[in-house]
Each structure stands twice: as structure tokens, then as C-alpha cells.
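> would you be able to build a 3D model of this:
(one chain, ligands or ions: 1)
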Amino acid sequence: MAIEVTATGRGVPSRRIANDDLAGRMDTTDEWIRSHTGIGARHIADTETATSDLALEAARNALSLAVERGAGEKTPEELALTIDLILLATTTPDYNGCPPTACIVQEALGARNAAAMDLSAACSGFIYGLETAAALLNASPERKRALVIGAETLSRITDWEDRATCILFGDGAGAVLLEKTGAPSAGPERRGLVRSLIGADGSGAGRLMIRRGGTRNPFKDGETLEKGPKIEMDGRAVYNFAVKAVAGAIETLLREEGLGIDAVRRIVPHQANARIVQAAGKRLGIPEEKFYLNIEEYANTSAASIPLALDELNRQGGLDRGDLVMTVGFGGGLTYGGNLIVW
Ligand code: UT7
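Prediction:
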């Protein structure tokens, strides 16, 4: 039995903010942002849109593709009824802790037979999510299908007065349908998720954080806020961690599988900064074209960035059945990891 990715989807807000739009509002330039990050634009949700709305769009998009490609069920609604688990990775839930955003998606999707929960591992959330969902599918013969979603409205927790961070982030969602199939999970014909690496270095917890609003620094009754909860980051420290984490995760996954990089068709990295990916690739002697980057259009969408990129690549025909795909990422926590998937 294999745990295969059988469909992908995405939900991206239509409002697009180019670097020049930001340069008109603060002391920055398109040139600085592009040369330091590879970012050209970001998509920002309107005020009515929350994380679950983007997640729902991505989930529906994935279910429609599954039906189109012959999932067996006639409509996305019928397919939704067969989902056993919805796992939603996010740093920006609709509500602070309760209810899980995944439950809001479950209801809107009509997936009433699905268990639903959120996963918090910052930008590594989707990588952790794939491994978690696969383990839950493997743990019970009753469970066959899971939706793994990464979704964010980072614009809500972005400090738009801090030019060092606000240029980095965007909103969006990506989803994959994971299915237990009769394909082999080992040997030359193996399919699906074959290996994951998930790790953390909690000593870096303070390097990237949303300081206010949790139980450590709660809002007090009567408190007047100058600013809501915002992302704070030590960019240099995260950058240095990230280059090591990305290079280390790629090396570890390849070594554990006894493979060379040529066996991997594409690496889909977390899209935080193109320079991080380039530096990690250079360390390992991996050509830049091996990495799929769409950061220029979407900026950093945290837990959504990998599934969003996977969906783009998939729909462009950039992956054939049997191709080995690697995801790799890092984020707040500090967390890191990667997945190896036979498409
Ligand atoms: O998903 C996980 C999250 N986070 C990350 O992956 C972020 C990792 N870190 C980074 O990507 C980079 O550290 C940044 C892109 C955030 C910053 O790039 P940097 O090359 O490390 O720049 P820096 O912070 O060292 O700043 C260099 C200069 C400073 O000016 P001075 O002190 O040299 O005069 C900054 O004030 O660039 C200035 N600066 C800017 N200038 C124009 C910082 N932000 C901007 C800006 N526009 N937006």
C-alpha cells in the first residue's frame, strides 16, 4: 500500500501588490527587494477573507482536479464525503486556538465524515502535515483519504511599518489529496510518500515570533493596542539557520534513501527567499534549475508555499507519474524538514 498524492489545488487572492506599490508607501525599492529576496509581488486577501476561505478554495480546487482525473466519484461534493481527515497547517488560524480552522473548512466543504485538526509548525507545517497525515492513514484500515492543506493570511500579522519584514510575506493556500492506494510503497515501482525528515531547534524560538496574544503575553482587559500581534524576526539569524537547514535536509533525505540528486526530478523548497535556496544549492553543487521557485509572484506564504508551488508545477505538467519530488523547508520554531514523494 502506498500513500499517494493524487491531486493538488490552490487558492490565491486576486489582489496583487507589486514591489513598486510598496516602494510608493515606504523607504524601499523594487531593486532592493528583488536583489535581496527574489520577490517581485505578493497577493493579499481582502478584509472579508480569512485563512479558511483560502484553504477552502484550495481544497475545492484539489477535489475538482481529482474528479477530472477520474477519482471514481462523480462530483467534488461526493468526493468530499469520502475524506477521512482534514489536516490544516497554518500560523494564521481564523480564531486563536479554537475552533480549529480545519473544522471550518470541513463544514464548508461538506466533508462531514472527516476528522479535522490544525497543525502548527510555522513554515514547515505542510512538510510536518504530510508526514502526520500519512501516519494517520497508515494507522487505520478505515482511513483512506486525507486533505493536507497549508493556508495563510500573513498580511494580518505583518507589520506594514517594518520594511525589513513586510516586503517578505503574502497570502495564499495550497492543498493536496493524499490517498491510500494499492501501489507498492517499496521497490522499483514504489509510489507516494516514501520518506520524511522533520526536525526542530527550539533554541531559536525567539528568532521568529508573534510575541503578543498567546498565554505568555496575553492582551489585558482595557489595554489599548497600538499594533495588533505582528511577526518579529531576526532576519540574519533565520537566514543562516535556513541555509544550513535546507542543505542539511536535502543531504539527509538523499543519504537515507541511498540516492544521488540526479534521481530527483524537482526540489520544491519553502519559498522564503530565493537567495537561501541558491546558497543551499551552491553548497551541495545542485543546479538552480532543479529547484522550483515561484517566490517572485507570491512572496513567502509560510505553510502554504510548498503546496501552492506543488500545485503550479503539477498543473503545468512539470511532473510525470513516477517522478521523484523533494520538498524542503524551515520556519519559526525553528522547525525544518522535507519529504520525498514518488509522484
Ligand atoms: O519563512 C521564514 C522566514 N524568514 C526568512 O526566511 C527570512 C530570512 N532572512 C532574510 O531573508 C534576510 O535576512 C532579509 C531579506 C530579511 C534581509 O536581508 P539582509 O541581506 O539580511 O539585510 P539586512 O537585514 O542585513 O539589512 C541590510 C540593509 C540595512 O541597512 P543598513 O543598516 O546596512 O544601512 C537595512 O536597514 O538593508 C536595509 N533594509 C532595506 N532596505 C531597503 C532592510 N529592509 C529593507 C528594505 N528596503 N525592504
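
> please compute how far the helix or strand Leu254 falls within lies from its chain's middle.
In this structure, Leu254 sits in helix 235-257 according to DSSP states H and E. Averaging C-alpha positions (C-alpha atoms, centre = their mean, to the nearest Å) puts helix 235-257 17 Å from its chain's average.

> need the next SSE after that helix, C-terminal direction.
Next element after helix 235-257 (DSSP H and E): strand 266-269.

> what's the mean pLDDT across that following strand?
Per-residue pLDDT over strand 266-269 has a mean of 98.

> tell me what that strand is packed against?
The contact analysis (3 or more C-beta pairs under 8 Å, 6 or more residues apart in numbering; DSSP states H and E) places strand 266-269 against helix 274-284, helix 305-315, strand 324-331. Glycine gets a C-beta too; all of them are placed from N, C-alpha and C.

> how about a cut-off of 6 Å?
Where contact means 3 or more C-beta pairs under 6 Å, 6 or more residues apart in numbering; DSSP states H and E, strand 266-269 is packed against helix 305-315, strand 324-331.

> circling back: now for the helix holding Leu254, which elements pack on it?
Helix 235-257 packs on strand 192-200, helix 274-284, strand 324-331, strand 335-342, going by 3+ C-beta pairs under 6 Å, 6+ apart.

> what packs against the third one?
With contacts defined as 3+ C-beta pairs under 6 Å, 6+ apart, the packing partners of strand 324-331 are helix 235-257, strand 266-269, strand 335-342.

> is the ligand contacted by that strand?
Yes - applying C-beta under 6 Å from any ligand atom, one finds strand 324-331 in contact with the ligand at Gly331.

> relative to that strand, what are the paired strands and their orientations?
Here strand 324-331 has these sheet partners by DSSP bridges: strand 266-269 (parallel), strand 335-342 (antiparallel).

> can you tell me what sits against that strand?
122-124, 127, 242, 245-246, 249-250, 263-270, 306, 336, 338-343 (C-beta atoms under 6 Å, 6 or more residues apart in numbering).

> how far away is the closest residue to Ser305 other than its chain neighbours from the ligand?
Nearest non-adjacent residue to Ser305, counting by C-beta to C-beta, 6 or more residues apart in numbering: Gln271, 4.2 Å away. Going from Gln271 to the ligand by C-beta to the nearest ligand atom, to the nearest Å gives 8 Å.

> what kind of secondary structure is Gln271 in?
At Gln271 the chain is in coil, as set by DSSP: H, G, I helix; E, B strand; the rest coil.

> neighbours around it, how many?
With neighbours defined by other C-beta atoms under 10 Å, the count for Gln271 comes to 31.

> so it makes contact with Ala304?
No - if you go by C-beta atoms under 6 Å, Gln271 and Ala304 don't touch, sitting 9.4 Å apart.

> what about the strands in the chain?
Along the chain, counting by DSSP state E, strands occupy 2-11, 16-18, 41-43, 85-89, 115-119, 145-153, 171-181, 192-200, 208-210, 231-233, 266-269, 324-331, 335-342.

> please identify the deepest-packed of these.
Mean neighbour counts were compared across the strands of the chain using mean count of other C-beta atoms under 10 Å; the top stretch is strand 145-153, at a mean of 31.

> and the angle for that strand with helix 305-315?
120 degrees (axes from the mean of the first three to the mean of the last three C-alpha atoms, to 10 degrees).

> circling back to that earlier point, okay if I get the strands paired with strand 324-331 as TSV plus distance to Glu226?
Output for these, formatted as TSV (distance: least, C-beta to C-beta, whole Å):
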stretch	distance to Glu226
strand 266-269	36
strand 335-342	30
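
> for the stretch 151-300 of the chain, which residues are neighbours of the ligand?
Proximity of the stretch 151-300 of the chain to the ligand (C-beta under 6 Å from any ligand atom) is limited to residues 163-164, 167, 208, 233, 235-236, 238-239, 242, 272-273, 300.

> next up, the contacts around Ala146.
Counted by C-beta under 6 Å, 6+ apart, Ala146 has contacts Leu85, Ala133, Leu137, Leu178.

> any idea what it is bridged to?
Leu85, Leu178.

> that one and Ala7, how far apart?
Separation of Ala146 from Ala7 (C-beta to C-beta, to the nearest Å) stands at 12 Å.
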